[in-house]
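Trainee: mind folding the following:
(2 chains)
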Amino acid sequence: MKGRGLFQFKSIHTNIAIAFSCLIICTTVILSVNTYLLSSDAVKNNSYDYTAQLIEQVNTNIQTYIGNMESIAELALRDEELQQLMRMPDPHDPKGLALVQQTSTFFRSIVESRNDIASIVFIGTNGALVSDRGDARLKGYNELLNQDWYKSAKEAGSQSVISSSRVQHIYKNEYRWVVSISRQAQTAADGSTGVLLVDLNYNVINDLCKQIHMGNRGYVFLLDPRGDLIFHPQQQLIYSGLKSEELDQIFLPVGDRSFEAKSDGTNKIYTIRSSKYGWKVIGVNYPEELVGDKRQIQFSAMLWGSVCLIIALTFSILLSLTLTKPIKKLDVHMKKVEKGDFNTRVEIESTNEIGKLARTFNLMTGKIKDLMSQVVQEQEDKRISELKALQAQIHPHFLYNTLDSIIWMAEMGKMDDVIKMTSALSKLLRFTISKGEELIPIRAELAHIEQYLTIQNIRYRNKFTYSFDVDPAIMECKILKIVLQPLVENAIYHGIKNKADSGHILIRGGRVNDGIELQVIDDGVGTDAAKLNASLAKGRPLAYTSTSATSGLGLQNVNHRIQLNFGDRFGLSFDSELDEGTTVTLRMPELMEDKGE
Amino acid sequence: MRKWTLIAVCAILLTVMAAFVVDAGINKLQPQKPHILFVPKTTGSQVEFWEVMRQGVNTAAEEFDVEVQVAGTLTESDIDGQIALLEQAIKDKPQVIILAATDYNRIVPVAKRIVAAGINLITVDSGLKDGISSSFIATDNYAAGQKAGQLLIDSIDQSELGPVAILNFVRGSATAMERERGVRESLAGYSDIQVLDTLYSDASEEQAYELTVELLRKEPTLRGIAALNEPSAVGAARAIKEKQAVSRVKLIGFDSSMEEIAYLEEDVLHATIVQKPFNMGYLAVKAAMDLSADKKVEPMIDTGSEVITKQNMYDSDKQKLLFPFVEK
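Mentor: As a prediction, the model looks like this:
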């Protein structure tokens, strides 16, 4: 079993099935994994692009809002009345109050025309206080001067200062979430100046950011340049420390980018855009969500993979079965042939290689069968010819003795006997030598036996008598030529000849169950019948107690010829008892006319 | 062989069909999310505390991608209404009920039935007797009380002698008791500070005002008041302002409202301790998600409290708590 290859299992069927399965499993796995990876990659990239676009959109919108606020601030500051008011030494005189009234109306018209502006307020260094709602509800002048927006605008000179999201508390009992832009007016020649505050409704930014949906869970948040959250959907959680964002990485000075980071135990994809006001718009996506439902894709991939696998395996098993079934069939037939059954034919219709193989096999067995039968035929022919040769032989001894007897009788002047014997010998010889039918009527065989007995009777000087008792109904039945003569010869040489007084030979014939039976019965010395029967069955030359081996051979030949021609059921059998005589029975099928082979 | 091929083809077709069905089925099954019911004390939108908690709930619902159903009574005092509502909820069989109990004792039987029905129960803000719920998510009122007590000690002028008072809101409420215990605990270490008997405002601003006026009259040396809820604090502040006792009596309040903020800005209210309803709502949903995923949940989750003073009230992290941004 050593040195076996990869696919050396016991059957081709298994080999094919396993080879196919390996191939299919590899292909399916590679395809499934690839499909999964490619699709998740594609989805991921799409999402990146989409997110970037969304964030860009938010950024643009925010810039527009802030840009608008800046231009409103610019516009308001250039207002002629505001400039006048700012330069007035005492803005609380009647003229000043009128200016405040006018400016307030101007501010109100701006605020009312835009729903993104919450309020506009101006504080002059000379004590002037103008709001779009009139100054009644404003907090005190000194308190306002201490507020961050004012102080930072003063510090920034004429630059706009944009606050983070905050609660505006310039009005009494009013706290609105706004994003403020405050800007100092250009200082007039007399040193008077002021700060203008424009508040952007925080709702605007809140709505803008909340509208953005990136997947189911993605969100957008805003950071001001100091890193304070302007907007975050979970701002309170972040302040409480329950959530965090990767602010360190966001503030790396590498500009706009996307990166993946782990925070709060989940992977997030941050997409950053910086606006020109220093704000950062950050989109957060969950990669697991981007890839759709990762597990679902995995499941689908696995499901379809296994379905393909099952189909493919079924096909491969079917295919290997189709391939190997005729081979197995061929194998079964080959085993039959191996056991010697050449009559088998493989029925395989297909035209493929195995079909061809089967046809060749059929041809081959056919040919072998022909050859075998040819060999058998030849053997038989040879045997028959040998037998014929044997049967045709008239023992020279017999001829010589007969002729001797004739001479002797002629010398004695027994002319009648000479004539009788010569005539019998002549008929005997003619019958023996004559060619032709192997099968002859019993009548003819009996006639031949009678000639033979005539000769022997004269030779042995009437040492025996003989008689026929044959059913006339079987006279016309066919019998093999010269089968009785060896039996009679046997009866004379081994039965009668050694007997002291004269004997009798009876030739009896009749029908039995399945054929005809001819018996040669003598009352001679008898012999061991069992031994004879055994020898006969073994096909050995019959070992007769006495001299002549040739006659033993003759009986064996007779038995052979009968069995060869008619089968093993037929043939000779012996029945003998010492000093009582021997009966040799010849059994043959009943053959009428030319019914035989 | 032909018969077998036919059978094989049929089998393959069946397999493919089955796979389609399974695939579609899984797609439908996948978004099987827990059904969460949130029952606040009130669904009236005028109460900011519950509005903000709902924001927290919604934020969490969005983050965890679940649907949270909100059902509640219109007023906080409708205990029978809440019981009836919970009875109905048991029939709907949600996976989790997030409950802000309107009563510490009377909700207990229905809560037991909820748990018996195999529904996970989470209490938020106000708990139930015997701790029936899987998790109680609320401010640690004892710790909040301690903070208030400490603030009182820090704010009062140590050179003057005089007692301090505790203005509680309702007798027997777990929240009230815990807060008071916290305050008393932190004051216990200062033997020179006498703590007067607790007054009960019954959560009424008017009663708190009257009690404070009375108190100011009776105790001319009073140095500080800890008012343990919003109406009490506002009532007390009004009395202190009216009786011009601002510089003498330091007032520490709880929770936030426009009035409180105004008093804070006027220095009438020295400090207020605010809870974090947003975090409560958020953490309640988070706990609900954990429970339905069979994860372990802490039996008590403290959402913490913050001290707000005039100085820090506009800090970016504090203003969110004090001025919750409620979308219009």
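Trainee: for the nearest residue to residue B:208 once chain neighbours are set aside, what are its contacts?
Mentor: Spatial nearest neighbour of residue B:208, excluding adjacent residues (CB to CB, 6 or more residues apart in numbering or on different chains): residue B:235 at 2.7 Å. In short, each C-beta sits where N, CA and C put it, glycine included. Applying CB atoms under 8 Å, 6 or more residues apart in numbering or on different chains to residue B:235 gives the contacts B:201, B:204-212, B:227.
Trainee: residues near residue A:58, how many?
Mentor: Residues contacting residue A:58 under the criterion other CB atoms under 10 Å in any protein chain shown number 23.
Trainee: domain map for chain A?
Mentor: With automatic domain parsing as the criterion, the domains of chain A are listed as A:78-204, A:206-290, A:341-382, A:393-588.
Trainee: make TSV out of the ones you listed and add distance to chain B and mean pLDDT.
Mentor: Output for these, formatted as TSV (distance: least, CB to the nearest CB, whole Å; pLDDT from 0 to 100):
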stretch	distance to chain B	mean pLDDT
domain A:78-204	5	87
domain A:206-290	4	82
domain A:341-382	10	83
domain A:393-588	45	82
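Trainee: using a markdown table, lay out these together with mean neighbour count.
Mentor: Output for the domains of chain A, formatted as a markdown table (neighbours: other CB atoms under 10 Å in any protein chain shown):
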| stretch | mean neighbour count |
| --- | --- |
| domain A:78-204 | 18 |
| domain A:206-290 | 17 |
| domain A:341-382 | 13 |
| domain A:393-588 | 17 |
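Trainee: related to what we said a few turns ago, closest to chain A out of the contacts of residue B:235?
Mentor: Lowest distance from chain A to these (CB to the nearest CB) belongs to residue B:205, with 16.6 Å.
Trainee: what are the phi and psi values for residue 267?
Mentor: I'll assume chain A. phi -80, psi 140 (degrees, to the nearest 10).
Trainee: sorry, I should have been clearer: chain B.
Mentor: phi 70, psi 10.
Trainee: was I right to think it contacts residue B:249?
Mentor: No - applying CB atoms under 8 Å, one finds residue B:267 not in contact with residue B:249, separated by 11.7 Å.
Trainee: same drill for the two, tell me which one is more crowded.
Mentor: For the pair residue B:267 and residue B:249, the greater number of neighbours falls to residue B:249 (25 against 14), based on other CB under 10 Å.
Trainee: so what's the more buried one up against?
Mentor: B:216, B:222-225, B:240.
Trainee: again, 10 Å this time
Mentor: Counting by CB atoms under 10 Å, 6 or more residues apart in numbering or on different chains, residue B:249 touches B:156, B:162, B:164-165, B:212, B:215-216, B:219, B:221-225, B:236, B:239-240, B:243, B:268, B:270.
Trainee: okay, and which of the residues you listed map to helices?
Mentor: Those of these mapping onto helices are B:212, B:215-216, B:236, B:239-240, per DSSP state H.
Trainee: helices of the stretch 151-300 of chain B, residue ranges please.
Mentor: B:174-188, B:205-218, B:230-242, B:258-265, B:277-292 (DSSP state H, counting those that start in this stretch).
Trainee: quick one, which of the contacts of residue B:235 are buried?
Mentor: Buried by 16 or more other CB atoms under 10 Å in any protein chain shown: B:201, B:204-205, B:207-209, B:211-212, B:227, out of those.
Trainee: what stretches of chain B score poorly on pLDDT?
Mentor: Where chain B drops to pLDDT under 70, the residues are B:1-2, B:26-32, B:45-46, B:326-328.
Trainee: centroid residue for it?
Mentor: With distances taken as CA atoms, centre = their mean, residue B:125 lies nearest the centre of chain B, 3.1 Å away.
Trainee: helix or strand right after the lengthiest helix in chain B?
Mentor: If you go by DSSP H, chain B has its longest helix at helix B:2-29. For helix B:2-29, the following helix or strand on the C-terminal side (DSSP states H and E) is strand B:36-39.
Trainee: okay then, goodbye and thanks.
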